[in-house]
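J.: Structure, please.
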Amino acid sequence: MEVPGKKRDPDFDKGSTGATVFCQPCGEGSKRAVAQGYCQTCEEYMCAPCVEYHKRLKMSRNHILLSKDKMPSFYPSTKKSAIADMDYCNHHPKKMIKFYCPTHGDLGCGDCVVLNHRSCKVDYIAEVAQEFVIGKEFRELEPSIKQAKDLLSGLICNVKEIFGGVENQSKVEIDKLRKFRAEINTYLDRCEKELLDNIEKVKTEDENALTALKTDCELMKSRLDAIRTGLTSGDVSVNQRYVTARRGMKEIRGIHDDMWKMPGRMKARKYQFNKDADTERLLGSKMGIGTLDVAGEFQKNFKTTLHV
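T.: This is a model prediction of the structure:
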């Protein structure tokens with residue numbers, strides 16, 4: 001099976017008619033066996049037992065294996081040493097990244113190519129890396145990074161400016177709110193004082209009027225007691241008793257006249273506190289003493305064109 005887009009070695013289809021190629025896994029164990037196949041994913045020659053074992057292992061069962069008549073007739077120069085410093089695949093953590101798909105911008109291992117990029121023209125990293133790192137695209141990468149960093153630095157400055165505006169705005173609006181609240185408190189305190197003063201005034205006036213009525217009643221009683229004492233005293237002459245009686249009769253008539261006027265004075269005003277309709281509506285309002293309305297946005301014009 002061939003990896004789409006991979007540059008094939010011109011000797012891949014020639015068979016092994018040249019020098020004998022030996023199994024590399026066996027060679028790691030100091031054994032010597034003639035290679036009967038080639039794993040294009042691992043880039044290793046294998047004997048027949050190693051090929052079969054390679055097919056059974058879960059981590060290598062999807063590797064690209066070439067039969068003896070299709071395997072290259074020489075050891076490729078781009079052996080594992082060329083990929084030893086690569087990263088492991090994100091999707092297959094036990095395998096190394098070996099391919100890049102320009103169509104999807106994906107890096108992956110051989111399994112990724114087989115599973116997700118069959119119809120794509122992929123690049124074999126070991127073959128294209130050298131040319132890429134001396135090319136224009138690689139040279140332009142560092143300036144692009146610097147440009148992006150400069151743009152981000154500018155954005156950070158703008159964010160700091162807007163952050164300052166947000167903080168200052170908060171202080172200003174809080175001051176406005178609290179000042180308005182203080183004005184409301186002053187207004188309510190004044191209204192309350194006026195109402196309390198009125199209540200006190202009515203109370204005092206009615207208490208004074210009732211006190212005066214009570215005092216007048218007590219004085220009249222005292223006068224009547226004095227008249228009675230003068231009439232019943234045994235130490236006065238008949239003539240004197242007559243004078244006292246006549247004087248008392250006149251005074252009693254005056255007392256009766258004053259008593260007829262007293263019911264009109266025997267009263268006090270009733271009152272009750274009535275809530276102001278506007279203020280009561282304010283207490284029931286969902287907006288309370290005001291609202292917080294969005295009046296616009298803090299914005300900074302900033303050019304963010306990146307050349308990548």
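
J.: Nearest spatial neighbour of T103, chain-adjacent residues omitted?
T.: Nearest non-adjacent residue to T103, counting by Cβ to Cβ, 6 or more residues apart in numbering: C120, 4.8 Å away. Just so you know, the C-beta spots here come from the backbone N, C-alpha and C atoms, and that holds for glycine as well.

J.: so that neighbour sits right up against C101, yeah?
T.: Yes - at 4.9 Å, C120 counts as touching C101 under the criterion of Cβ atoms under 8 Å.

J.: residue ranges of the strands in the stretch 51-200 of the chain, please?
T.: Taking DSSP state E, counting those that start in this stretch, the strands of the stretch 51-200 of the chain run over residues 65-67, 99-101, 106-108, 123-124.

J.: Go through those and pick out the most buried.
T.: strand 99-101 (a mean of 21; mean count of other Cβ atoms under 10 Å).

J.: Note down every partner strand of that strand and its orientation.
T.: Take DSSP bridges as the rule and strand 99-101 pairs in its sheet with strand 106-108 (antiparallel), strand 123-124 (antiparallel).

J.: And P102, how far from K136?
T.: 15 Å (Cβ to Cβ, to the nearest Å).

J.: neighbour count winner among the two?
T.: Higher neighbour count among P102 and K136: P102, with 12 against 8, using other Cβ atoms under 10 Å.

J.: Report pLDDT for the more buried one.
T.: If you check P102, the pLDDT there is 93.

J.: before we move on, what about S119?
T.: 89.

J.: The strands of the stretch 51-200 of the chain: which one's closest to E131?
T.: strand 123-124 (10.1 Å; Cβ to Cβ).

J.: quick one: average pLDDT of that closest one?
T.: 89.

J.: picking that back up, T20: which of the strands of the stretch 51-200 of the chain is closest?
T.: Here strand 65-67 is closest among the strands of the stretch 51-200 of the chain (Cβ to Cβ), at 16.5 Å.

J.: shaky segments in the stretch 1-150 of the chain?
T.: 1-19, 73-86 (pLDDT under 70).

J.: Start from the N-terminal end of it and give the helices.
T.: 24-28, 48-56, 110-116, 125-133, 136-139, 141-232 (DSSP state H, counting those that start in this stretch).

J.: residues contacting the closest residue to G230 other than its chain neighbours?
T.: Setting aside the residues directly before and after it, G230 is nearest to T244 in space (Cβ to Cβ, 6+ apart), at 4.1 Å. Neighbour list for T244: 227, 230-231, 236 [criterion: Cβ atoms under 8 Å, 6 or more residues apart in numbering].

J.: where in the stretch 201-308 of the chain is pLDDT low?
T.: For the stretch 201-308 of the chain, the ranges with pLDDT under 70 are 301-308.

J.: still on that earlier bit, which of the contacts of T244 has the most neighbours?
T.: I227 leads the contacts of T244 on contacts (other Cβ under 10 Å) with 18 neighbours.
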